[in-house]
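1. What follows is a predicted protein model with its sequence.
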Amino acid sequence: MNEGLWTVVFSSGGIAGGGIIYLANGRALGGDSQYFYRGSYVYDSKASTFQATVEVIAFVSGAVTVFGMPISRSEEHTSELQSLRH
């Protein structure tokens, strides 16, 4: 996996949103028009799996996620990558 600047796409129930994230040395930093993200990731090249734990922090009052709910404080999310395209 190449470290660097990536685009991300989030989707739920037919609604999608996107942002950018910078991945380097196990650290993840990024954001979109309402949130910034910071956290860590692990890439297993043998299994071709990517797992990230990211804290999502709203910087816009009343920000709503693609999941249809606001995040009024920081929340931590862990997920596995569905597809990897650079």
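-> Looks like it came in fine.
2. can you list the weak-confidence ranges in the protein?
-> Along the chain, the parts satisfying pLDDT under 70 run over 1, 66-86.
3. Let me see the ranges of the strands in it.
-> With DSSP state E as the criterion, the chain has strands at 4-12, 15-24, 27-31, 35-44, 49-58, 75-80.
4. Turn the ones you listed into a markdown table, columns for distance to Thr65 and mean neighbour count.
-> Backbone N, C-alpha and C define where each C-beta goes, glycine included. Converted to a markdown table, the strands of the chain look like this (distance: least, C-beta to C-beta, whole Å; neighbours: other C-beta atoms under 10 Å):
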| stretch | distance to Thr65 | mean neighbour count |
| --- | --- | --- |
| strand 4-12 | 8 | 13 |
| strand 15-24 | 8 | 14 |
| strand 27-31 | 13 | 16 |
| strand 35-44 | 8 | 16 |
| strand 49-58 | 8 | 17 |
| strand 75-80 | 9 | 11 |
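5. which one in this protein is furthest away from the centre?
-> In the chain, the residue that sits farthest from the middle, by C-alpha atoms, centre = their mean, is Lys46; the gap is 22.5 Å.
6. So it versus Gly26, what's the distance?
-> Distance of Lys46 to Gly26, given as C-beta to C-beta, to the nearest Å: 17 Å.
7. For the closest residue to Phe59 other than its chain neighbours, list each beta-bridge partner.
-> Leaving aside its sequence neighbours, Phe59 sits nearest to Phe36 (C-beta to C-beta, 6 or more residues apart in numbering; 6.2 Å). Phe36 forms beta bridges with Gly31, Ile57, as assigned by DSSP bridges.
8. ok, Ile21 - contacts?
-> 5-8, 28-30, 37 (C-beta atoms under 8 Å, 6 or more residues apart in numbering).
9. What is the nearest of those to Glu55?
-> Glu55 lies nearest to Tyr37 out of the contacts of Ile21, by C-beta to C-beta, at 6.9 Å.
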